[in-house]
Structures are given as C-alpha cells and as structure tokens.
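Participant: When you get a sec, could you give me coordinates for this:
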Amino acid sequence: MKKAFCRFSFLFTAAVLVFVLAFWVGCNKNPKAPEATQLAEQAPVLSKSNPRIQEVMAVQDWHTPELMADPNVVGTATGLTSDGQPAILIFTKTDVSAALKKSKPIPTEIEGIPVVVEVTGEIRPLKGKPQPPPGVDHQAIQTPPIQLGTSGGWRFDLANGYCCAGTLGSLIQVGGQKRILSNYHVFEADIVPGGNGIVAQTGDPIVQPGLIDVGCQAANAQDVATLVTTSSLPYHNVDASTATIIDGMVDPTGAILEIGTLSSSTVEAAIGQSVKKSGRTTGLTRSTISGLNGTVSVAYEDECAGSPAFTVIFTGQIIIANRGSKFLAAGDSGSLLVEDVDTNPRAVGLLFAGGSQTAVANPIDEVLDFLGATMVGN
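Facilitator: Numbering: from 1, shown residues only. Predicted coordinates for the structure are as follows:
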C-alpha cells in the first residue's frame, strides 16, 4: 500500500509546526473500517457436509435399529431443536405418552445429543384420492404440450373397485430420451394380476390427468408418455420410475406448473433450506427442510387399493415440514422438490411419502444416479 504524503515549505518554525500538525491530522487518518457485512460470519450450511451434522448423523445411525424396534417408532432423522441445536428426530405413530403401555420410554437425549419427538402417524406412499383442486387446477386435462407438476399415472391403474393416480413430476434426460420422472408406486406398483388381470409393463401408456380425475375412465385422459419399468422397489433406496414422452405431448423444456423451467443443476439439501413443489393435489406449496439422513419405514401395496406387498426401510432421506398435510397430501407423490427461488430453481429431491406432519423425499442425486439421468433445464 502506498503511503500518502503532503507538501509544505520550510518558511519558519511556526509554519513548520503548523504544517507538521496538518500532516499528522490530514495524512495519517485511520483506514476506513470494514463494512459490517464484511465482518459478519456466514451462517454455516447445515448439509451433510457440515462436520457437526455428520457427528449427529453417526449417532443417529448407530441407535436407529434399537429405536425402530419400538412398534410406535416409524423413523429417525437428524434435525434441530426449537432453539437451533443439532438433534436426533424420532418419528412416532402416536403420542409417546399414549403408547407407553406397548413401548419403551423414548430418551430425552442420546450420547449427549438432544432428542426431538414428532408424532407423524404412519408414513405412507401418497397416491391420490379425489380432492378439490387448488387455485391453479393441477387436475385438469391440459392442451398439449403439457406442463408437469400435474395429475397423471398408469393408464390401467384401476383395481378392486378403485382407481389411483399421482403426479407427473419433472422431465429428465436418459441417454437420448426425455422422460417424465415420477414414483415407482405411481407408475408401476401393480405387480399382481389381482383386481384387474394385468401388471405394469414397459410400453404401457402414462396418462394426464390420472384416472381419479377423469372418473376412472381412461378414455377421458390423454396418453402423454410410455412406461419404462425400473423395478426400483423393493430392493433399492429410491421410489422412482420414468416414462418416455410422446412427441408433441409434453413441453420439451420440462416446464412445471407455477414453477416454470428448472436449472439443469441440482443442489444438496440442508436443514432450514426453503423449498417448494408443484403437485396434483395441493398445487404449489412451500416449506422448509426439517431433517436429513432420515430412516423411515414405508409400506407398499401390490396394486391400486390392493393387499400389503412389502415394506421398505429407506435411509438417507430428506425430511420436510408438512404440518396438517398442507405441503404434501395424497396424490402429490412424484412431485419434484426444488429450492424456493423465482427463476430456474435447482432440484433437491423426489417426493414420495409422508404423514400428517412430515413429508419425505429421495435425494435427487441418488435418484438420477440410479436412473443414469440428468435434469432437463437451463
């Protein structure tokens, strides 16, 4: 850094003293103090990369098997206490005090880490049932090319006197194909002939809207894609399935109702992160991520309104606040979880299950890796 200096003339002693004083006052000012924003420390990102979060996740993982041996416990995760301290979250079917006759008391802390109990009820796949549409109708038939975040599903998802549907979530690229991304239990969960005499197979039509929004009459819907079975469940850690779009039927930019086009990049989930989704039942909703590294137990049926088929213990899941099922409800399965920004949001997760207080998403990078896919976006 250059020094500043001032000129002065040696006229007489008094002048010297005056100019020396001027030099001292005018040329040796303290440098300007840094702006407050420069001094402020950035709040740590509470993602899986955060060392403290990693410590809590390790303790959570170690104790999860014994915690979930309790029939009232349906899952665990790493989250925060009400005052922002890292904590182990424990999800239960019913209030702990009401379940004590059949359950062990849940500890208030584990290895010095505080425990937060959330009564979520059972965590279920969220296939749809008829409900009034939100302001923007995500259940109506669209003029092609359709936007996503809309009602849809397997064309033959009718069995046992019921029809089912979910959400056509987003557009992905798999090799040279553009495909709709949704859930296994939305596109291909029919695995027994049972109530309709058929099972889901590659090449089957995927329709918009889903059957529950067209009076269970597939002729009132439109074919928009063809199923590519993935058989992600029960042996993998993602509830995902895809369908290759039919030319001219789906917006090739991957635009989602009320969200628009996405970024082609993804972003890692973090506790406290603001997120949103566009889905068949509740439309555009917003929430925050409340937990990471979720271990949850989810039971699946063998077809629409079918019999219990298998239970999957998912690990490493994203937990989202869902008070009163206002963020995610039945029929929103398959919705894409994205960061809450106005333009080209990045994908965070694939929503697939939840309870009355909690929603659950597969981390999007795990889904894309399983499918060998990338997001379609800018």
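Participant: what about the longest strand in the protein?
Facilitator: As far as residue count goes, and with DSSP state E defining each element, the longest strand of the chain is strand 283-301.
Participant: Point out the other helices and strands that that one packs with.
Facilitator: In terms of contact count using 3 or more Cβ pairs under 8 Å, 6 or more residues apart in numbering; DSSP states H and E, strand 283-301 is assigned the packing partners helix 51-68, strand 73-80, strand 86-92, strand 124-125, strand 274-279, strand 308-321, strand 347-354, strand 358-363. C-beta: built from backbone N, CA, C; applies to glycine.
Participant: could I get the ones you listed as CSV with distance to residue 222?
Facilitator: Output for the helices and strands packed on strand 283-301, formatted as CSV (distance: least, Cβ to Cβ, whole Å):
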stretch, distance to residue 222
helix 51-68, 43
strand 73-80, 38
strand 86-92, 39
strand 124-125, 25
strand 274-279, 19
strand 308-321, 30
strand 347-354, 24
strand 358-363, 28
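Participant: which one of those lies closest to residue 219?
Facilitator: With Cβ to Cβ as the measure, strand 274-279 is the member of the helices and strands packed on strand 283-301 nearest residue 219 (24.8 Å).
Participant: Enumerate the positions of the closest one that are buried.
Facilitator: By neighbour count, with 16 or more other Cβ atoms under 10 Å as the criterion, the buried positions of strand 274-279 are 275-279.
Participant: what's the angle between that strand and strand 347-354?
Facilitator: Counting by axes from the mean of the first three to the mean of the last three Cα atoms, to 10 degrees, strand 274-279 lies at 60 degrees to strand 347-354.
Participant: Please parse this protein into its domains.
Facilitator: For the chain, the domain assignment from automatic domain parsing gives the residue ranges 52-119, 124-375.
Participant: Deepest in the core, which of those domains is it.
Facilitator: With neighbours taken as mean count of other Cβ atoms under 10 Å, the domains of the chain reach their highest mean count in domain 124-375, at a mean of 21.
Participant: and that domain, how far apart are its ends?
Facilitator: Taking Cα to Cα, to the nearest Å as the measure, domain 124-375 stretches 26 Å from start to finish.
Participant: Repeat that for stretch 180-190.
Facilitator: 19 Å.
Participant: How about stretch 125-138?
Facilitator: Distance between the boundary residues of stretch 125-138 (Cα to Cα) amounts to 19 Å.
Participant: The longest strand of the chain pairs with which strands?
Facilitator: Here strand 283-301 is paired, per DSSP bridges, with strand 73-80 (antiparallel), strand 274-279 (antiparallel), strand 308-321 (antiparallel).
Participant: thinking again about what came up before, right, and the helices and strands packed on strand 283-301 - which one's nearest residue 170?
Facilitator: Ranking the helices and strands packed on strand 283-301 by proximity to residue 170 (Cβ to Cβ) places strand 347-354 first, at 6.9 Å.
Participant: between the closest one and strand 358-363, how big is the angle?
Facilitator: If you take the same axes, to 10 degrees, strand 347-354 sits at 130 degrees to strand 358-363.
Participant: would you list every one of the strands in the stretch 1-150 of the chain?
Facilitator: Ranges of strands within the stretch 1-150 of the chain are 73-80, 86-92, 109-110, 113-119, 124-125, 150-154, based on DSSP state E, counting those that start in this stretch.
Participant: Against residue 145, how distant is residue 60?
Facilitator: Here the criterion is Cβ to Cβ, to the nearest Å. By it, residue 60 lies 44 Å from residue 145.
Participant: same thing with residue 268?
Facilitator: From residue 268 across to residue 145, the span is 31 Å (Cβ to Cβ).
Participant: Mean pLDDT added to the strands paired with strand 283-301, as a markdown table?
Facilitator: Below are these laid out as a markdown table (pLDDT from 0 to 100):
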| stretch | mean pLDDT |
| --- | --- |
| strand 73-80 | 97 |
| strand 274-279 | 98 |
| strand 308-321 | 97 |
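Participant: Export those as CSV, with columns for distance to residue 257.
Facilitator: Formatted as CSV, the entries for those read as follows, by distance: least, Cβ to Cβ, whole Å:
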stretch, distance to residue 257
strand 73-80, 29
strand 274-279, 5
strand 308-321, 19
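Participant: out of those, which comes closest to residue 89?
Facilitator: If you check each of the strands paired with strand 283-301 against residue 89 by Cβ to Cβ, strand 73-80 wins as the nearest, at 4.4 Å.
Participant: looking at the domains of the chain, which is closest to residue 44?
Facilitator: Taking Cβ to Cβ as the measure, those were each checked against residue 44, and domain 52-119 came out nearest at 7.9 Å.
Participant: Next, the distance between the ends of the closest one.
Facilitator: End-to-end distance of domain 52-119: 25 Å, with Cα to Cα as the criterion.
Participant: and that domain, how far out from the chain's middle?
Facilitator: Distance of domain 52-119 from the chain centroid (Cα atoms, centre = their mean, to the nearest Å) equals 21 Å.
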